[in-house]
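Asker: here is the input, now give the coordinates:
(one chain, ligands or ions: 2)
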Amino acid sequence: MDAGRAGDLQPADAAIGDAWEEDLLRRYPEPAVAEGDSTKPQPDDSFRDYGEDTRDGVREFYRQNHVHQTVAFVRSMREKYLPLRRQRMGVWEAIERLNELVDDSDPDTEATQIVHAVQTAEAIRADGHPDWFVLTGLIHDLGKVLCLFGEPQWAVVGDTFPVGCAFSDKIVLPEYFAENPDRAVPEYQTSCGIYDEGCGLDQVLMSWGHDEYLYQVVGRYLPVPAQYMIRYHSFYAAHREGEYSQLMNETDREMFGWVRAFNPYDLYTKHENPPDLDRLLPYYQELVARYLPDTLDW
Ligand code: FE
Ligand code: FE
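Answerer: Ligands and ions are numbered 1, 2, ... in the order given. Model prediction:
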């Protein structure tokens, strides 16, 4: 670990990942209102300071994330990981290893990673969605294996956002971007920054984390809507706040309908009854085998 990261939250603080997800629930207690659906209560448009009630550990997590996610950092992580030459492992091995890592910190909790994976997938299946959507629910967080490779929490989880252009003030606790070194680069301060208007999100460097990493590992095997769900599920500034449309193209706008469709299954299924894993496993093993090879390059 280099000196620049001294004092940062380390992988042992795995509970922070869960704390961030709990904080998401606090920030977004209700599913987004579908466009054109007037039967549901409309969100209150008045400005809400989501950061105000954030607990200290989570605030510190957001601070580190906002300070360290720069263009240079994202480029360095892409160089480090995206050759995908670190390890070969299958989906089930990734799930098992994540469980061991995360649950080590709290021996009383059940294997939370597989429970979240199966709960998300089961809720999607119960609503009659296509099997690739169910599979996406199962695997969407496997990019968190970055923790296994020693990355600090702020480089694995947390809301994602573009770097190389102005940070939206709709990102949680935007004041922490004041300390981000990219703030001193004038080229990065305009609404499109280093990108062309409407260039499409594929051209945009997103803050580094489990979304982009898993997209790079499994995206090629999955339909485009599944790729978007995996790649942008933590991009709350866009899928919940409607920001960054200046960088999107037509495909992005269309596909974000799928990202928004996925979000409630990710956020609002955590307090349902724990799934009967033994009963469900054969179904999921067959589903994974139908779409993905036995081993993947990570
Ligand atoms: Fe996630
Ligand atoms: Fe998730």
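Asker: which parts of the stretch 151-298 of the chain sit against ligand 2?
Answerer: Within the stretch 151-298 of the chain, the positions near ligand 2 by CB under 5 Å from the ion are residue 266. (Glycine included, C-beta is placed from N, CA and C.)
Asker: which stretches of the stretch 151-298 of the chain form helices?
Answerer: Ranges of helices in the stretch 151-298 of the chain, per DSSP state H, counting those that start in this stretch, are 210-218, 224-232, 236-239, 250-267, 277-291.
Asker: got those as CSV, with mean neighbour count and mean pLDDT columns?
Answerer: Listed next are those as CSV, based on neighbours: other CB atoms under 10 Å; pLDDT from 0 to 100:
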stretch, mean neighbour count, mean pLDDT
helix 210-218, 24, 98
helix 224-232, 23, 98
helix 236-239, 23, 98
helix 250-267, 18, 98
helix 277-291, 14, 97
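Asker: make a markdown table out of these and add distance to residue 58.
Answerer: Below are the helices of the stretch 151-298 of the chain laid out as a markdown table (distance: least, CB to CB, whole Å):
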| stretch | distance to residue 58 |
| --- | --- |
| helix 210-218 | 17 |
| helix 224-232 | 22 |
| helix 236-239 | 14 |
| helix 250-267 | 16 |
| helix 277-291 | 29 |
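Asker: looking at those helices, which is nearest to residue 134?
Answerer: Residue 134 sits nearest to helix 277-291 of all those, at 6.6 Å, using CB to CB.
Asker: re earlier: so which of the helices of the stretch 151-298 of the chain is nearest residue 145?
Answerer: helix 210-218 (8.1 Å).
Asker: quick one: end-to-end distance for stretch 134-146.
Answerer: 23 Å (CA to CA, to the nearest Å).
Asker: distance from the chain centre to that stretch, please.
Answerer: 9 Å (CA atoms, centre = their mean, to the nearest Å).
Asker: can it be found next to ligand 2?
Answerer: Yes. Judged by CB under 5 Å from the ion, stretch 134-146 and ligand 2 are in contact via residue 141.
Asker: need the nearest residue in space to the residue nearest to the spatial centre of the chain, chain neighbours excluded.
Answerer: Within the chain, one residue has its C-alpha closest to the average C-alpha position: by CA atoms, centre = their mean, that is residue 234, at 3.4 Å. In this structure, residue 234 finds its nearest non-sequential neighbour in residue 160, 4.5 Å apart by CB to CB, 6 or more residues apart in numbering.
Asker: and the one you found, how far from residue 167?
Answerer: 12 Å (CB to CB, to the nearest Å).
Asker: strands along the stretch 51-200 of the chain, start to end?
Answerer: Taking DSSP state E, counting those that start in this stretch as the test, the strands found in the stretch 51-200 of the chain are 88-89.
Asker: any regions of it where pLDDT drops low?
Answerer: For the stretch 51-200 of the chain, the stretches flagged by pLDDT under 70 are 51-52, 102-111.
Asker: pick out the residue of it closest to ligand 2.
Answerer: residue 141 (4.3 Å; CB to the ion).
Asker: which residues touch that residue?
Answerer: 98, 113, 116-117, 210, 214 (CB atoms under 8 Å, 6 or more residues apart in numbering).
Asker: just flag the most distant two among those.
Answerer: Maximum pairwise distance among the contacts of residue 141 (CB to CB): 14.2 Å, between 116 and 214.
Asker: which of the residues in stretch 140-149 are buried?
Answerer: 140-148 (16 or more other CB atoms under 10 Å).
Asker: now residue 230, nearest residue through space, not along the chain?
Answerer: That would be residue 215: by CB to CB, 6+ apart, it lies 4.9 Å from residue 230.
Asker: roughly how far apart are that neighbour and residue 118?
Answerer: 21 Å.
Asker: ok, now residue 175?
Answerer: Taking CB to CB, one finds residue 175 at 38 Å from residue 118.
Asker: which one's more surrounded, the two?
Answerer: residue 118 (24 against 11; other CB atoms under 10 Å).
Asker: pretty sure that one contacts residue 275?
Answerer: Yes. Assessed by CB atoms under 8 Å, residue 118 is found in contact with residue 275 at 4.5 Å.
Asker: gap between the closest residue to residue 82 other than its chain neighbours and residue 83?
Answerer: Distances taken as CB to CB, 6+ apart place residue 216 nearest to residue 82, at 5.5 Å, with adjacent residues excluded. Applying CB to CB, one obtains 10 Å for the distance of residue 216 from residue 83.
Asker: if I pick the closest residue to residue 226 other than its chain neighbours, what's in contact with it?
Answerer: The spatially closest residue to residue 226, leaving aside those adjacent along the chain, is residue 136, at 4.4 Å (CB to CB, 6+ apart). By CB under 8 Å, 6+ apart, the contact list for residue 136 reads 124, 222, 226, 229-230, 262.
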